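Peer 1: Here is the input, now give the coordinates:
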Amino acid sequence: MLNLARSEGRRELAEFLKSRRARLSPADVGLQVGARRRTPGLRREEVAQLAGVGVTWYTWFEQGREIQVSAHFLENLARGLRLDAIERDHLFALAHHRPAPLVPQLSTVSPTLQHMIETLPNPAYVKTLRWDLAAWNRPMITLFGDFGLVPSERRNILWLLFTDPLYRRLFADWETDARRVIAKFRLDFGRSGNDPAFLALIRELDDASPEFHRWWPRQDVNGFGEGLKRIRHAQLGEIEFEHNALAVENAPDLRLIIYTPVAGDSDRKARRLFAE
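Peer 2: Sure, this is the predicted structure:
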């Protein structure tokens, strides 16, 4: 059964690659067109040239032979074949049997997603792979303050959590929450390919926060997207929220975070707070 699955996967990879090169012409990728050409689309030697590998090696890969390929080669191949983001992910899944590494980008929140967030009765926000705040709703402002007043370059969850005294007062379990945030952020950092923007944020946090300086080198990781946070409100006292992280399907480097008050006293307090 395992060999059958592998055989089917290699066949799928071969068919996918042949279909992608068949839809391109040499002119599409900046190559010279010969006088006599019977092959529709790109030839294997042309794809090999674009990917920076030998034609025999690429032929073996396209035939689905059992050879090991690097992420660097797959990235070159994806660019050479002009694959879009979804096709690139599919190529990595077929060749490596796992998702492609995320590429940090300036993803924007769609009007549909923005509208959905605004209609939610509880706090919600969208963050990027670098944990920059991309969107938020009014209950989020009520609970944590107006992020629109924060300079855009400092509108980052880690930066606010570790450098703004307001968040030390708001989070009843600040140390536990902060260490958990570091452990989750490390996973996203690992998927960033040492992006300079990530490295700059880490350097700035290391300089600005003694706690970050101590905890970041510990290499803790945590990928669990759910949890419980206790928020101290000046008038209403402690409010407990369950939080969930959801992927945004058309923007893989965005996450939607929703805070839901725990049933009972916290829910009653939250209803009162967000109704004001």
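Peer 1: Now for the nearest residue to residue 94 once chain neighbours are set aside, how many residues are close by?
Peer 2: What sits nearest to residue 94 in space, not counting adjacent residues and going by CB to CB, 6 or more residues apart in numbering, is residue 13, at 4.2 Å. For glycine as for every other residue, the C-beta is placed from the backbone atoms N, C-alpha and C. Residue 13 sits with 19 neighbouring residues when counted by other CB atoms under 10 Å.
Peer 1: you'd agree residue 13 is up against residue 95?
Peer 2: Yes. Counting by CB atoms under 8 Å, residue 13 touches residue 95, with 6.2 Å between them.
Peer 1: So, low pLDDT: which residues of this structure?
Peer 2: 1-9, 34-39, 97-107, 193 (pLDDT under 70).
Peer 1: could you pull out the strands for it?
Peer 2: Assigned by DSSP state E, the strands in the chain fall at 124-127, 133-136, 226-233, 237-247, 255-261.
Peer 1: who's in contact with the nearest residue to residue 25 once chain neighbours are set aside?
Peer 2: In space, residue 25 comes closest to residue 41 once its chain neighbours are excluded; the distance is 6.8 Å by CB to CB, 6+ apart. Residues in contact with residue 41 (CB atoms under 8 Å, 6 or more residues apart in numbering) are 21, 22, 23, 24, 25.
Peer 1: Which of the residues you listed are buried? Put it as a ChimeraX command.
Peer 2: Buried residues among the contacts of residue 41 (16 or more other CB atoms under 10 Å), as a ChimeraX selection:
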select :21,24
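Peer 1: Among the contacts of residue 41, which lie within helices?
Peer 2: Among the contacts of residue 41, DSSP state H puts 21, 22 in helices.
Peer 1: could you redo the contacts of residue 41 as CSV and give each row distance to residue 58?
Peer 2: Below are the contacts of residue 41 laid out as CSV (distance: CB to CB, whole Å):
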residue, distance to residue 58
21, 10
22, 15
23, 17
24, 15
25, 18
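Peer 1: so which of the contacts of residue 41 comes closest to residue 255?
Peer 2: Residue 255 lies nearest to residue 23 out of the contacts of residue 41, by CB to CB, at 33.1 Å.
Peer 1: Leaving out sequence neighbours, find the closest residue to residue 132.
Peer 2: Ranked by CB to CB, 6+ apart and with sequence neighbours excluded, the top spatial neighbour of residue 132 is residue 156, at 5.1 Å.
Peer 1: Which residue ranges of the stretch 101-250 of the chain form helices?
Peer 2: Secondary structure of the stretch 101-250 of the chain (DSSP state H, counting those that start in this stretch): helices at 111-119, 138-144, 157-163, 165-170, 174-190, 196-208, 210-215.
Peer 1: Distance to residue 239 and mean neighbour count added to the ones you listed, as TSV?
Peer 2: TSV is the format used below for these (distance: least, CB to CB, whole Å; neighbours: other CB atoms under 10 Å):
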stretch	distance to residue 239	mean neighbour count
helix 111-119	20	13
helix 138-144	8	18
helix 157-163	18	20
helix 165-170	10	14
helix 174-190	14	17
helix 196-208	27	14
helix 210-215	24	15
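Peer 1: To residue 223, which of the ones you listed lies closest?
Peer 2: Nearest of the helices of the stretch 101-250 of the chain to residue 223, taken as CB to CB: helix 174-190 at 5.3 Å.
Peer 1: With that, I have no additional questions.
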